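> predicted coordinates and the sequence they were generated for:
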Amino acid sequence: MKLTVWTYEGPPHVGAMRVATAMKGLHYVLHAPQGDTYADLLFTMIERRDHRPPVSYTTFQARDLGSDTATLFKDSCQDAYDRFKPEAIIVGASCTAELIQDDPGGLSESMGLPVPVIPLELPSYQRKENFGASETFYEICRALTKPMERTPEITCNILGPTALGFRHRDDVVELSSILESLGVAVNVVAPLDSTPADIAQLGAAHFNVMLYPETCETACRWLEREYKQPFTKVVPIGVGATRDFIAEVKEIAGLADAAVDESRLRLPWYSRSVDSTYLTGKRVFIFGDGTHAMAAARIAKYEMGFEVVGMGCYNREFARPVRACAKELGLEALITDDYLEVESAIEALQPEMILGTQMERHIGKRLGIPCAVISAPVHVQDFPARFSPQVGWEGANVIFDTWVHPLVMGLEEHLLHMFREDFEFHDDAGASHHGSHTPAAQKRRSTEDAAPADLVIKDGVTWLADAEKELRKIPFFVRGKARRNTEKFAAEQGLQAISIETLYEAKAHYAR
Amino acid sequence: MNAFAPVKAPAVGCGDAPVLKQRGQREVFCGLTSIVWLHRKIQDAFFLVVGSRTCAHLLQSAAGVMIFAEPRFGTAILEEKDLAGLADANEELDREVARLLARRPDIRQLFLVGSCPSEVIKLDLSRAAERLTQAHAPQVRVLNFTGSGIETTFTQGEDECLASMVPVLPQTDAEQLLLVGALPDVVEDQLVGLIGQLGVPVVRALPSRSADVEVGIGPNTKFIVAQPFLGATTGALTGRGAHHLAAPFPFGEEGTTAWLRAVADAFNVSPEKFDEVTAAPRARALKAIAAASERLNGKSVFFFPDSQLEIPLARFLTRECGMSAIEIGAPYIHRDLVGPDLDLIAEGPVLSEGQDVDLQLDRCRAARPDLTVCGLGLANPLEAEGLATKWAIELVFTPIHGYEQAGDLAALFAKPLKRREGLAL
């Protein structure tokens, strides 16, 4: 048993729903009690889908448990086929149905439906959402693909995008355009917007693009074994990764001479231009799914000039590469799906910015640290109306804008330092390009009243009133770091109390 | 016509109307969802769901944007070893509870909430609650109730929660009125204030905002229910000897007046006193409803089952806002509670209990109502088909009871229609 406040991933059958909802002509019959239908709203509300997910829930109740839930399952399966006439059906159980052991796979097989019925075994008490998506997609590929001739021209499949994915819709568009510019046509994109008939055509492609390893690595490996289709290993998020990806594609496709058009890419110049000087060495903490976290680390360090002070992922399946990536940055990776652990890591590190998920956005809000979202789990605002991919050239541009936005900008940062307690230009007003500023007086009350409680004694060190007042003159976006450094400094020096002297001693000590 | 004409029932109401019962896929939340508002209402309580990752995911998704720094609810997620019997689930639970209470010394009441998996594996949470109460008394009282989807639908979670509190209420012989149902504090204060002005000596609320407010119960307790889904709680209170005051629910001017009148009659309040206390807020409510319901007048409404508020709200919309109801779907129909509202709804609409969502969608599409009240899973798909929808969940998360909210309630239904009129797309 494990106490959980917020979860990064849903149960595995939600992963299966992400695949089913992404596809057309596929139906999911899920043996589940009525409450599990909540999952529909993830798709209709968060992603604003205009159709119900293609899922039939058997909705068994307590009184059915003593009698015949198996018949209920078969009836639901038949009703779903009659009403929706899908090209293929996937069947499975949610956590509760797993306990009653009705065997949806065996039951549906005995029904003799005229379309392929694909049973899913998703252990709800061991695995989670990403595994569910990956396993479902793999089973669908296994059931529906067959050996076939390759297309005469060079083509690839783009694998991995699902419903409810972080920017999957736009990533597919951006990636297709890059592939086309290299002379590679897209055979099938799957599961997003594909039909079972499309899946049957996967074998015609010359290679596969593994866009999101979380949802398609198992399928890519199987396709490689079964149909000798190589697949790309680099996920093209960021400038360097996109260039590496293109090199990989050229290698696989034998297109050594293909011209690469980088004319749409703006990140490198934006990052080199003088306004970006203020980004130098910003201390960032990175957390997300393994793929997005690793991509973000590379971009943060080499393309934005940040200092990565902590990184990790919530999906244990990616612990090994994430640990390796962190080690290269001289860090120890935080691999956990415990939100409170992530929060305390951030609290201890006091970064100047968080690159995380919606969870970390809330942590940031609580701790007063700006945050940009880089990964699922998603929220309605992660489905913007505008084109906003993460992969490719435009993805890099989008990332630059997204990561810079939460920060206080270039010259403004200096002015805040200079005018500290100016009555209009005080730092409680926040960055000038962000809306919803609370009136200063009110905000000061709420934030400053709360502060002394944390401040009085921390690890045996007391802040003297003068020092505490001085600390508040330091702009908000560096105050957390100043506080932490000063306390650390005081502790190292064996000081019991922090005076203004100590504050500035510490500042000098940590000057960089 | 007198603005304050007494409530006049239609010649033939829906009290004896046949009920359409279909069995198929339901598109509703389970009772765990109630925790989302219960933990805001009972401010020193923690709700610990003993369940699966699905339960945790549901709570988080249903809570949606309502994320609080550290919420007073969580899920003890059952793992493979708990199921395989390798670990004694009770020991695991005791350990997690001890850890939780150590971190949150502000917690005075802990609810262990049963889920589908905990019920299927027959984890006995009532014994666990007894054991844990002994371990953590007197600082913390531990109770248990079920929010499982195999037993409860959405608001029934609140019903189960309140019912679990009834047996431990102390006995009292005091003459008093108990107001039952979790209401937003502002609404509760308004209603308690009005009832006090009527001259009712002691008014208490269940649930109270904290464990420190002592609520007793006994043969001289009369209680009135503010939410139509509290059937089990009503039974438990009656079992303790309290007397139930049946009434329409306090939605709109008519509903609130009838509800207050049931209280007034039970406590022998004179008609003059009643009019004196209610005249001003009634007039305000009528004025507000008149303004907000302009767009609703003459329009049709179709209710998908969701919170059990459907019948009282249909009464409000048809009698006070000039709408006609095509279908009133409810997950359960507690006749003891919604009977008075049913009697007031003129015959005509289909009454349905339970659900086969696909068949119900067929009926809804055929009827093409002007407004469809439904859950979040159906709203956008129906909008995409050109039907105006009102999210039912908003009715549970918004102050809508009583005179001062009557106009807001009408406005909630009018808003989707107003928006459609305003957009040129």
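Okay, I see it.
> residues in contact with the closest residue to chain B within chain A?
Among the residues of chain A, A:Gly35 lies nearest to chain B; the distance is 2.5 Å by Cβ to the nearest Cβ. C-beta coordinates here come from the backbone N, C-alpha and C atoms, glycine included. Residues near A:Gly35 by Cβ atoms under 8 Å, 6 or more residues apart in numbering or on different chains: B:Val28, B:Phe29, B:Cys30, B:Gly31, B:Leu32, B:Thr33, B:Leu58, B:Cys116, B:Ser148, B:Gly149.
> how far away is the closest residue to the last one other than its chain neighbours from B:Gly231?
What that stands for is B:Gly149. Among residues not flanking B:Gly149 along the chain, A:Gly35 sits closest, at 2.7 Å (Cβ to Cβ, 6 or more residues apart in numbering or on different chains). Using Cβ to Cβ, to the nearest Å, A:Gly35 is found at 19 Å from B:Gly231.
> same question, A:Leu471
From A:Leu471 to B:Gly231 the distance is 57 Å (Cβ to Cβ).
> one more: B:Leu83?
Counting by Cβ to Cβ - B:Leu83 and B:Gly231 are separated by 33 Å.
> kindly report the same for B:Val12.
For B:Val12 relative to B:Gly231 (Cβ to Cβ), the value is 26 Å.
> neighbour count winner among these two?
B:Gly231 (20 against 12; other Cβ atoms under 10 Å in any protein chain shown).
> how about the contacts made by the closest residue to that one other than its chain neighbours?
Leaving out its chain neighbours, the residue that sits closest to B:Gly231 by Cβ to Cβ, 6+ apart is B:His334, at 4.1 Å. Residues near B:His334 by Cβ under 8 Å, 6+ apart: B:Pro228, B:Phe229, B:Gly231, B:Thr234, B:Gln308.
> what's near enough to touch the third one?
Listed by Cβ under 8 Å, 6+ apart, the contact partners of B:Gly231 are B:Asp159, B:Tyr332, B:His334, B:Asp336, B:Leu337.
> got the contact list for the last one?
Applying Cβ under 8 Å, 6+ apart, one finds that B:Leu337 lies in contact with B:Val225, B:Pro228, B:Phe229, B:Leu230, B:Gly231, B:Thr234, B:Ala246.
> apply 6 Å and report the result again.
B:Pro228 (Cβ atoms under 6 Å, 6 or more residues apart in numbering or on different chains).
> distance of it relative to B:Gly298?
30 Å.
> and what of the fourth one?
Applying Cβ to Cβ, one obtains 33 Å for the distance of B:Asp336 from B:Gly298.
> who has more neighbours, these two?
B:Asp336 (13 against 10).
> re the thing from before, now render the contacts of B:Gly231 as TSV, adding pLDDT.
TSV is the format used below for those (pLDDT from 0 to 100):
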residue	pLDDT
B:Asp159	98
B:Tyr332	94
B:His334	93
B:Asp336	93
B:Leu337	97
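> chain A: which of those is nearest?
The closest of those, once distances to chain A are taken by Cβ to the nearest Cβ, is B:Tyr332, at 11.8 Å.
> look at that closest one and give its secondary structure.
Per DSSP: H, G, I helix; E, B strand; the rest coil, the local secondary structure of B:Tyr332 is coil.
> neighbours around it, how many?
For B:Tyr332, using other Cβ under 10 Å, the count is 17.
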